[in-house]
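Colleague: Output the structure for:
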Amino acid sequence: MSKLLLYLKTQEFRKNLIYALITLAVFFLAVYIGLRIYTKHGDAQEVPSLKGLTISEAKAILDKAGLEYQIDSVYQMDAQPGLVIEQDPSPKALVKSGRTIYLTIITEVAPDVEFPNIIDKNLIEASAILNNYSLKIGDTVYVNDIARDVVLDAKFAGQSIKPGRIIAKGSRITLVLGNGQGANEVEIPTLTNLTLAEAKFALKGLGLTVGKITGDITDSATARVIKQYPDSTARFISIGSPIDLTLSNGTAENNIPIQ
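Modeller: Numbering: from 1, shown residues only. Below is the predicted model of the structure:
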């Protein structure tokens, strides 16, 4: 123990201690400077705002700023392809040069989905389901059926489409709906300007009959329908119902019953 104390008081110990402290200080200084260089301390910059720009415009800005980028894509209906819609980090965030900025852009190619089952759904339900699948209603066609506004059929590109069929998002679907009138009713035809024979033929084909015929007739073969009751604005009528006709050869002022 006495020898250790004597050594600690020697000039040699003091020199070795100074050398060790200097070496340790140099080591920590080198580590500090190295970390500052590695982390680019003081080299922070704001992330530019890229949302709404085209991908080419965003790339040019990032290249000029010395920032890297990675691109992901999503599909959005009714949106211009190629636009940046999301970025990470957000605008004005401080980052080092060389930092990777993650961009989300709108792709032009629509992904596919399975067509959902909307048969026997009402129009509101069908609309919600199609919207959830990113599909659109292109048109609605009404046919005679007692179930009003209920989907009886769905068509794509003019053909019936079955549930499970693969179809692109954003596709437009035509819905065939019931009009609530039932199968015992037909749409009233427009008979104006038809001859009597043509009007009778048209009515017979729809299961309707000719009712009262009036008009100023000089030649029944050439006389044409100038008025009907009920007219086509009434839309639908029961099968077997009569349609009254008014005929004229073009000189009628009074309606004269025809026997």
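
Colleague: mind listing the helices for the stretch 51-200 of the chain?
Modeller: Taking DSSP state H, counting those that start in this stretch, the helices of the stretch 51-200 of the chain run over residues 55-65, 123-132, 196-205.

Colleague: how deep is D88 tucked in, by neighbour count?
Modeller: 13 (other CB atoms under 10 Å). Where you see a C-beta, it was placed from the backbone N, CA and C, and this is true even at glycine.

Colleague: give me the beta-bridge partners of it?
Modeller: Here D88 sits in beta bridges with Y102, going by DSSP bridges.

Colleague: That one contacts T100, doesn't it?
Modeller: No: judged on CB atoms under 8 Å, D88 makes no contact with T100 at a distance of 9.4 Å.

Colleague: quick revisit: how about the helices of the stretch 51-200 of the chain in CSV, adding mean pLDDT, mean neighbour count and distance to E185?
Modeller: Formatted as CSV, the helices of the stretch 51-200 of the chain follow (pLDDT from 0 to 100; neighbours: other CB atoms under 10 Å; distance: least, CB to CB, whole Å):
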stretch, mean pLDDT, mean neighbour count, distance to E185
helix 55-65, 89, 15, 57
helix 123-132, 94, 15, 20
helix 196-205, 91, 15, 15
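
Colleague: could you dump those to TSV with distance to G211?
Modeller: Formatted as TSV, the helices of the stretch 51-200 of the chain follow (distance: least, CB to CB, whole Å):
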stretch	distance to G211
helix 55-65	70
helix 123-132	36
helix 196-205	9
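
Colleague: Of those helices, which is nearest D112?
Modeller: helix 123-132 (15.0 Å; CB to CB).

Colleague: for that closest one, packing partners?
Modeller: Packing partners of helix 123-132 (3 or more CB pairs under 8 Å, 6 or more residues apart in numbering; DSSP states H and E): strand 136-143, strand 172-178.

Colleague: Single out the most deeply packed of those.
Modeller: Ranked by mean neighbour count, those are led by strand 172-178 with a mean of 19 (mean count of other CB atoms under 10 Å).

Colleague: what angle separates that one from helix 123-132?
Modeller: 160 degrees (axes from the mean of the first three to the mean of the last three CA atoms, to 10 degrees).

Colleague: Could you pull up the mean pLDDT of strand 172-178?
Modeller: Per-region confidence: strand 172-178 scores 93 on mean pLDDT.

Colleague: what pairs with that strand, and is each one parallel or antiparallel?
Modeller: In the sheet, strand 172-178 lines up with strand 136-143 (parallel), strand 151-156 (antiparallel) (DSSP bridges).

Colleague: Leaving out the residues flanking it, which one is nearest to the residue nearest the centre of the chain?
Modeller: In the chain, the residue lying closest to the centroid (CA atoms, centre = their mean) is M77, at 4.1 Å. Excluding its sequence neighbours, the residue lying closest to M77 (CB to CB, 6 or more residues apart in numbering) is G170, at 4.5 Å.

Colleague: mind listing what the one you found touches?
Modeller: Neighbouring residues of G170 by CB atoms under 8 Å, 6 or more residues apart in numbering: Y75, M77, A110, S134, L135, K136.

Colleague: and what of G138?
Modeller: By CB under 8 Å, 6+ apart, the neighbours of G138 are R172, I173, T174.

Colleague: Let me know the closest of the residues you listed to Q159.
Modeller: Closest approach to Q159 among the contacts of G138 (CB to CB): T174, at 9.9 Å.

Colleague: Tell me if I'm right that that closest one and K155 touch.
Modeller: Yes: between T174 and K155 there is a contact under CB under 8 Å: 4.3 Å.

Colleague: how many neighbours does D145 have?
Modeller: For D145, the count of nearby residues is 17 (other CB under 10 Å).

Colleague: Thanks again, I'm all set now.
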